[in-house]
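Novice: Using only what follows, build the 3D model:
(2 chains)
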Amino acid sequence: MDFLVNLLAIWARLYPSLVSGFAVTISVALAAIPLALLGALLLTPLRMWGGSIIHAVTGAYIEFMRNTPLLLQIYLIYFGLPLLGLYPSEFMCGVIGIAMQHAAFLAEIYRGGIESISQRQWDAARAMGMTWATALRNVILPQAGLRILGPIGNQLIILVKDTSLVSAIGVVDLTMVGKVSIERLAVTLEIFLAIALIYLALTGALGAVLRIIERRVLERIG
Amino acid sequence: MPMIEIRDLRKSYAELEVLKGISFDVEKGEVVVVLGPSGSGKSTMLRCINLLEEFQGGGIRIDGEAIGYTTTEGGKRRRRKEAENAKLREQVGMVFQSFNLFPHRTVLQNVMMGPLKVKGIARREAEALARDLLKKVGLLDKADQYPARLSGGQQQRVGIARALAMQPKVMLFDEVTSALDPELVGEVLRVMRQLAQEGMTMIIVTHEIHFARDVGDRIIFMDHGAIVEEGPPANILANPKSDRFKQFLRRYQGDYLDT
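Specialist: Below you'll find the predicted structure:
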C-alpha cells in the first residue's frame, strides 16, 4: 500500500516532464514513420529493377543498415555530419537515423510482398495485353500491399520503440526524461515503470489502429 | 491467310530442347485440339503463341502479325518492343489450368479489368460488356463475389469471360479442366463448345479425348517437343499410326469410352 501511494506521488510529481517527453517521442515517431515508408518506396524499385550496379549499391545499403546497431548509426550521423559541414539538430539526427534503418527493413518487406505474388498472376495480366507497368500497378502491387500490411505494422511498432535511442544524443524524449528524473529524485523502478507503461500505451494504440485498418481491408476479399 | 501460322518453332532451356521445330496453321474459326503426354511441350508451345514464353527459333504470326520477334532483311532476329508485344497479346485470349483470377477483385472487376486498363474504354461500357459475358457463361449472379467464394468450375468460366472481354481473335486453352473435380468439368466444356460453335478460332490443349473428337476440327498429337501425328479427329483417333499415339490413347481409353 505504501509502495502504491509512494508510486502515485512520484508519478504526479513527474507528470509535467513526462508529458513533454511524450510529446517529443511522438514527434520523433511521426517524423520518422513517413520518411521510412517513403524511403523504402524509393529503395524497393531500385533494388528490384535498377540494373546490376544500382542493385548492388542498394543491396549494400540495406545490408549495412540492417546489420549494424541503430544506436551506432545515430552516432555516426550525429558526429559524422558536422565533418561534412552540416549541423542538423539532435532531433533531426535522430529522425534521420531511425528513418534510414527502418527504410531498409521496410524495403525488404515491400520486396518480399511483391515477390510473393505468383508468376501466374503476372501471366494472367500480361496474357490480356497488359504491359509490365500496367500489370504491376493493377494486379501485383494491390495484392502485395494487402499481404504486407501486417509486417509493416510490426515494423512501425519496432520503430516507435526505437525512438528511445535518440536520448543517447541528448534529445529530451520520454526515455531521457526518465534518465534525468532518476538522477533528480533518486528513485529508479517507479520511474522506469511509468515510462514503460507510456510506451506500452503508445505501441498498443498504434497496434490497435493497424489491426483495424488491416481487418477493414482484408474482410473485403474473404 | 491463316489466322495462326506457326513455322519451325524452336525453344530450349539451356541444353534441353523442348520444342523441336513445330509447324502448323489454324484457319479462322477452326478448333485445333492438341493432345500429348505431360512434358511433350504442348503447354509450352501454347504459351509461346502469346509470348508468355520466349522462343529461340522459328516464327509465329497471328492474323499476319509476327509475335515476339521480327526478322530484318539481313536475316537478323530482333525482339519486338514490349508495348508492341502487349498490343499483340490483346488479340490472343488465354485461359489457364489454375484459373489465375485476380483474388483482390470481384468477378465483375476481373472481367472488366482488361477493357478498362488495357483498351481504356469507358467504365459504363466495360461493365455492360462484362455483364454480357458473365451472362453468357452463366455467372451473372456471381458478379459481386470475390473469386475465392467460387467453385473451380465457376472460376474457370470467369477465366473464359475475362479472356473474351478483350474481344480476341484467337483463344488459347491450357488444360483448363485438369484442375477441376470431375463433376465440374462439364460446365466448362459446355462454354467452350458454345464458343466453338460461334466460330471462335481456338487452340485447346487437353486430355479430354471425347471432347477433342466432338469439338475439334483437327487433332494434333505431340510428343517430345514435336508433332507426331495430325488430322481430323474421326480419322486420327480411329487409326492412330504411331506407337506413341496408340499408347497415349490406350492410357486415356477409359475416359474415351466412358464419356
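Novice: which parts of the stretch 101-250 of chain B sit against chain A?
Specialist: B:101-104, B:113-114, B:117-119, B:146, B:148-149, B:162-163, B:165-166 (CB under 8 Å from any CB of the partner chain). (Glycine included, C-beta is placed from N, CA and C.)
Novice: Check whether the longest helix along chain A comes near chain B.
Specialist: The longest helix of chain A (DSSP state H) is helix A:2-49. No: on the criterion CB under 8 Å from any CB, helix A:2-49 is out of touch with chain B, staying 13.3 Å away.
Novice: now what about the following helix or strand past that helix, what contacts it?
Specialist: Counting by DSSP states H and E, the next helix or strand C-terminal to helix A:2-49 is helix A:51-67. Helix A:51-67 is contacted from outside by A:43, A:46-48, A:50, A:73, A:100-101, A:103-105, A:107-108, using CB atoms under 8 Å, 6 or more residues apart in numbering or on different chains.
Novice: which residues of the stretch 101-250 of chain B fall in strands?
Specialist: B:170-174, B:201-205, B:218-223, B:226-231 (DSSP state E, counting those that start in this stretch).
Novice: Columns mean pLDDT, mean neighbour count and distance to A:Ala205 on top of the ones you listed, output as JSON lines?
Specialist: Converted to JSON lines, the strands of the stretch 101-250 of chain B look like this (pLDDT from 0 to 100; neighbours: other CB atoms under 10 Å in any protein chain shown; distance: least, CB to CB, whole Å):
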{"stretch": "strand B:170-174", "mean pLDDT": "97", "mean neighbour count": "24", "distance to A:Ala205": "50"}
{"stretch": "strand B:201-205", "mean pLDDT": "97", "mean neighbour count": "25", "distance to A:Ala205": "55"}
{"stretch": "strand B:218-223", "mean pLDDT": "96", "mean neighbour count": "23", "distance to A:Ala205": "62"}
{"stretch": "strand B:226-231", "mean pLDDT": "95", "mean neighbour count": "17", "distance to A:Ala205": "66"}
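Novice: Just want to check the distance between B:Lys81 and B:Leu88.
Specialist: 11 Å (CB to CB, to the nearest Å).
Novice: How about A:Thr134?
Specialist: A:Thr134 is 15 Å from B:Leu88, by CB to CB.
Novice: do B:Ala14 as well
Specialist: B:Ala14 is 27 Å from B:Leu88, by CB to CB.
Novice: Those two: who's more crowded?
Specialist: A count of neighbours by other CB atoms under 10 Å in any protein chain shown puts B:Leu88 above the other of B:Ala14 and B:Leu88, at 21 against 5.
Novice: residues of the helix or strand hosting B:Leu9 that come out buried?
Specialist: Using DSSP H and E, B:Leu9 maps to strand B:4-13. Neighbour counts over strand B:4-13 (16 or more other CB atoms under 10 Å in any protein chain shown) mark B:4-6, B:9-11 as buried.
Novice: Just give me the closest of the residues you listed to A:Ala36.
Specialist: Comparing those against A:Ala36 with CB to CB places B:Lys11 closest, at 44.6 Å.
Novice: Let me know the pLDDT of the closest one.
Specialist: If you check B:Lys11, the pLDDT there is 95.
Novice: again with B:Val111
Specialist: 97.
Novice: again, but for B:Gly254
Specialist: So, for B:Gly254, pLDDT stands at 57.
Novice: In space, not sequence, find me the middle residue of the chain.
Specialist: All of this is about chain A. A:Leu159 (3.0 Å; CA atoms, centre = their mean).
Novice: right idea, wrong chain: chain B
Specialist: By CA atoms, centre = their mean, the most central residue of chain B is B:Leu172, 1.5 Å off.
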